[in-house]
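Trainee: fold the following for me, if possible:
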Amino acid sequence: QVQLVESGGGLVQAGGSLRLSCAASGRTFSDYGMGWFRQAPGKEREFVAAITRSGISTYYADSVKGRFTISRDNAKSTVYLQMNSLKPEDTAIYYCAARRSSYIPQIKRASGYDYWGQGTQVSVSS
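Mentor: Down below sits the predicted model:
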């Protein structure tokens, strides 16, 4: 089992920045690819960003490319999501997820992840 705990959410004005963190425990962190997803009220959960086990490769949704950056620190068992130039449409609950598989085509699918955190709320005011 892998336990994931997100932090860093909050309320920010449009154009502002937030940095989300996700601390993992329970298994060897570097054995897992990591991802961030988000879910806005009344909408389905959507992919935001992902990073491979080593951190060499990263993937982003088109809607956040150039504004968000995913990174990881395997020594601290933590994955981060730096969010800049935030927009009201970025308002959602953000979830951290871990996957054992290294199969890249599934990296943007929620079904490709094995463990999930409880989520952290991000609210962007206009």
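Trainee: shouldn't Val124 be in contact with Asn84?
Mentor: No: between Val124 and Asn84 there is no contact under Cβ atoms under 8 Å: 11.7 Å. Every residue, glycine included, has its C-beta placed from N, CA and C.
Trainee: helix, strand or coil: sort out Pro105 for me.
Mentor: Under DSSP: H, G, I helix; E, B strand; the rest coil, Pro105 falls in the helix class.
Trainee: quick one: the residue nearest the centre of the chain from Lys76, how far?
Mentor: Per Cα atoms, centre = their mean, the C-alpha nearest to the average position across the chain is that of Trp36, at 2.0 Å. Distance of Trp36 to Lys76, computed by Cβ to Cβ, to the nearest Å: 17 Å.
Trainee: re the thing from before, neighbour count winner among Val124 and Asn84?
Mentor: Val124 (20 against 14; other Cβ atoms under 10 Å).
Trainee: beta-bridge partners for that one, please?
Mentor: Val12 (DSSP bridges).
Trainee: residues touching it, list them.
Mentor: Applying Cβ atoms under 8 Å, 6 or more residues apart in numbering, we find Val124 in contact with 11-14, 16, 86-91.
Trainee: what pLDDT is listed against it?
Mentor: Val124 is assigned a predicted lDDT (pLDDT) of 98.
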